[in-house]
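>>> Provide a 3D model corresponding to the input given below.
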Amino acid sequence: MDTLKDKVVYITGAGRGLGESIARVLSKEGAIIVGVDIRDKLLNGVMKALKDDNKEALAIKIDVTNEKQIKDSILQVTDAYGGIDILINNAGVDFTMPIEELTVSDWDRAVSVNLRAPFILSKYILPVMKKSGNGHIVNVTSTAAKRTWANASAYHATKWGLLGLSHALHVEARPYNVKVTAIVAGGMRTPFLLDRFPDLDVNNLQDPKNVAETIKFVLLQPDETVIPEVMVLPMRETSWP
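Predicted coordinates for the structure are as follows:
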């Protein structure tokens, strides 16, 4: 894409953290932001801020583990804007505990949010993109898909899975002029980490805006070029996070 102006961007987990940063960065490029999140108050606040800046934005409260809600939201967006140009699978959860303490429901929740939801969203949005003859799916994975640390088995399993899904979709979507990119993000100064680990040294983390800017860079590549995977790390990152 040579421009993001008037491109319809569907972002999961847009209510805070990286999702909010992505929404703000792409909105400044003229994109139409469709923010989805289960946390409607946070989401509405972010979308209102974009609208107050005279940007086009739509907030949709959904649970990304609910297939019907996903399908209804896609229909709502296509009815409103005629299509979806960019899907950014950003929503994620983590349960930090030893595997013997991890409940089956916790495991299922992590799989549902981190891996199943991107599959469902891609399953239903890819045909919309194929019909228009172009599009871009961005899956936000993690360095947890490249290395491991203790007490994060569900997170590692789902992020490794999402990385694999991204590369599989990259092969499947290319013939239809749809790009797929995995963003392998290192630790960020977001509530996702800091709410759970308040003692983390923030100097070892990066501003989520930097990752959002990388996503913008990926999206603005020439039509003949695709970046299937890119890693974005803080300069002072340690082995954890």
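>>> Going by C-alpha atoms from here, please, whenever you check contacts or count neighbours.
OK.
>>> List the beta-bridge partners for the closest residue to residue 227 other than its chain neighbours.
In this structure, residue 227 finds its nearest non-sequential neighbour in residue 181, 6.0 Å apart by Cα to Cα, 6 or more residues apart in numbering. Residues in a beta bridge with residue 181, per DSSP bridges, are residue 138.
>>> I figured residue 181 hits residue 168, correct?
No. Between residue 181 and residue 168 there is no contact under Cα atoms under 8 Å: 10.6 Å.
>>> Excluding chain neighbours, what is closest to residue 26?
residue 216 (6.7 Å).
>>> same deal with residue 9?
Computed as Cα to Cα, 6+ apart, the closest residue to residue 9 that is not its neighbour in sequence is residue 86, at 4.6 Å.
>>> who's in contact with that neighbour?
For residue 86, the contact set (Cα atoms under 8 Å, 6 or more residues apart in numbering) comprises 7, 8, 9, 10, 135, 136, 137, 138.
>>> Just name the closest of those residues to residue 197, please.
Distance to residue 197 across the contacts of residue 86 (Cα to Cα) is lowest for residue 138, with 27.0 Å.
>>> Go ahead and confirm the closest one touches residue 85.
No. The pair residue 138 / residue 85 is not scored as a contact, 11.1 Å apart, by Cα under 8 Å.
>>> thinking again about what came up before, wait, which of the contacts of residue 86 is closest to residue 81?
Of all these, residue 81 sits closest to residue 8, with 7.4 Å by Cα to Cα.
>>> So for that closest one, what's the pLDDT?
You'll see residue 8 listed with a pLDDT of 98.
>>> Isn't it up against residue 33?
Yes. In this structure, residue 8 is within contact of residue 33 by Cα under 8 Å, at 6.2 Å.
>>> Can you name every helix or strand that the helix or strand containing residue 183 contacts?
If you go by DSSP states H and E, residue 183 is part of strand 178-185. Counting contacts by 3 or more Cα pairs under 8 Å, 6 or more residues apart in numbering; DSSP states H and E, strand 178-185 packs against helix 117-132, strand 135-142, helix 153-173, helix 208-219, strand 229-232.
>>> can you list contacts of it?
Applying Cα under 8 Å, 6+ apart, the contact partners of strand 178-185 are 126, 129-130, 133-143, 145, 163, 166-167, 169-170, 173, 211, 215, 218, 226-233.
>>> can you give me the offset of that strand from its chain's centre?
9 Å (Cα atoms, centre = their mean, to the nearest Å).
>>> same deal with stretch 100-107?
Counting by Cα atoms, centre = their mean, stretch 100-107 is centred 24 Å from the centre of its parent chain.
>>> Quick one: end-to-end distance for that stretch.
Start-to-end span of stretch 100-107 (Cα to Cα, to the nearest Å) is 11 Å.
>>> Distance check, the spatially closest residue to residue 67 that is not a sequence neighbour against residue 34.
Nearest-residue entry for residue 67: residue 120, 7.0 Å, with adjacent residues in sequence omitted and distances by Cα to Cα, 6+ apart. The gap separating residue 120 from residue 34 is 17 Å, by Cα to Cα.
>>> buried sites along stretch 152-170?
Buried residues in stretch 152-170, counted by 16 or more other Cα atoms under 10 Å: 152-163, 165-167, 169-170.
>>> Same check on stretch 143-152?
Neighbour-count burial for stretch 143-152 [16+ other Cα under 10 Å]: 143, 144, 145, 148, 151, 152.
>>> do the same with stretch 4-11
The neighbour-count check on stretch 4-11 (16+ other Cα under 10 Å) flags 4, 7, 8, 9, 10, 11 as buried.
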